[in-house]
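Participant: Could you work out the structure for the sequence below:
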Amino acid sequence: MKKKIKKVNAAILIIGNEILSGRTQDKNIIFISNWLNSTCGITVSEVRIIPDVEKTIIENVIILSKKFNYVFTTGGIGPTHDDITAQSISKAFKVKYEYHKEAYSILEKYYGKKKFNDGRKKMAKMPEGAKLIYNPSSAAPGFIIKNVLSLPGVPLILNSMINNCKKYLIKGLKVHSKTINLYTVESNISKKLGLIQKKYKRNVEIGSYPFFRLGKIGVAIVIRSVSIIKLRVVNQELLRLANSKKIEILKL
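Facilitator: Residues are numbered from 1 along each chain as shown. I've put the predicted structure just below:
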């Protein structure tokens, strides 16, 4: 792991017609986001879901790789005709799309020469100069080129590979969070909440999210910061706000 700096961000690019059609439910966004924050101190700032269309993949890879420290793509690196992520990323960065010697060797050994067909060989093709993200589950590796890390779409396989991304990432500071659940409506606290956010806008992010529980309307106040001290200070201000307005706090 490289040296720690304060703020590091990432985008997740989910690639696959099956996600957009609703046929498959995505589970990778939550997993990657949680892993990046808790393990690497990297915040996911944007998520996009796009189809298996070469032009669309190229455009999004170029835009996101310029905008964020890292881009994680999922899906489209398998053996079938519509798995075009590696080829599209090659075009995005204007490099050759070719067999990676080590990836080819790994897959040939895994399947055996007789069963190493053209579809399986395709999984060894990736952008020129890519480095491998090893796969302990099904052998076919992901890859990183520049600041783009490409992983498979199958959650169980992706989960088994994620720790092998760590060596390629610069570590940032972990974002801590705390939630206060209040039995009230947003309009009752919105003005004061806005003033608190303005006061601590450089250090703490405050979000409010309505809920309905046990027949009552409520608001979940979520505060996030890299500073535990600032988080505690804002938490105390929110508790004082609740007490001043005689708002019931839901204990979970």
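Participant: Which residues are in contact with Gln25?
Facilitator: Shown here is Gln25, whose contacts under the criterion CB atoms under 8 Å, 6 or more residues apart in numbering are Ile19. From N, CA and C alone the C-beta is placed, and that goes for glycine too.
Participant: so what's it scoring on pLDDT?
Facilitator: On the pLDDT scale, Gln25 is placed at 90.
Participant: Please apply the same query to the one 10 residues further on.
Facilitator: The predicted structure scores Trp35 at 97 on the pLDDT scale.
Participant: which SS class is the closest residue to it other than its chain neighbours?
Facilitator: Nearest residue to Trp35, sequence neighbours excluded (CB to CB, 6 or more residues apart in numbering): Ile162, at 5.4 Å. Assigned with DSSP: H, G, I helix; E, B strand; the rest coil, Ile162 falls in the helix class.
Participant: Next one: Ile162 relative to Ile206, how far apart?
Facilitator: Shown here: Ile162 relative to Ile206, a distance of 30 Å by CB to CB, to the nearest Å.
Participant: about what we covered before: and the residue nearest to Trp35, what pLDDT?
Facilitator: Looking at Ile162, the pLDDT reads 98.
Participant: Could you do Lys4 as well?
Facilitator: 50.
Participant: so Lys23 sits in a strand?
Facilitator: Actually, residue 23 is Arg rather than Lys. No: residue state for Arg23 (three-state DSSP) corresponds to coil; a strand is not indicated.
Participant: Neighbours of it, how many?
Facilitator: For Arg23, the neighbour count with other CB atoms under 10 Å is 9.
Participant: Next up, the contacts around it.
Facilitator: By CB under 8 Å, 6+ apart, Arg23 lies in contact with nothing.
Participant: ok, it to Asn17 distance?
Facilitator: Remark: distance between Arg23 and Asn17 (CB to CB) = 8 Å.
Participant: my read: Ile223 touches Gln236, true?
Facilitator: No: with contacts counted by CB atoms under 8 Å, Ile223 stays clear of Gln236, the gap being 10.9 Å.
Participant: more crowded one of these two?
Facilitator: Neighbours per residue, other CB under 10 Å: of Ile223 and Gln236, the larger number sits with Ile223, 24 against 10.
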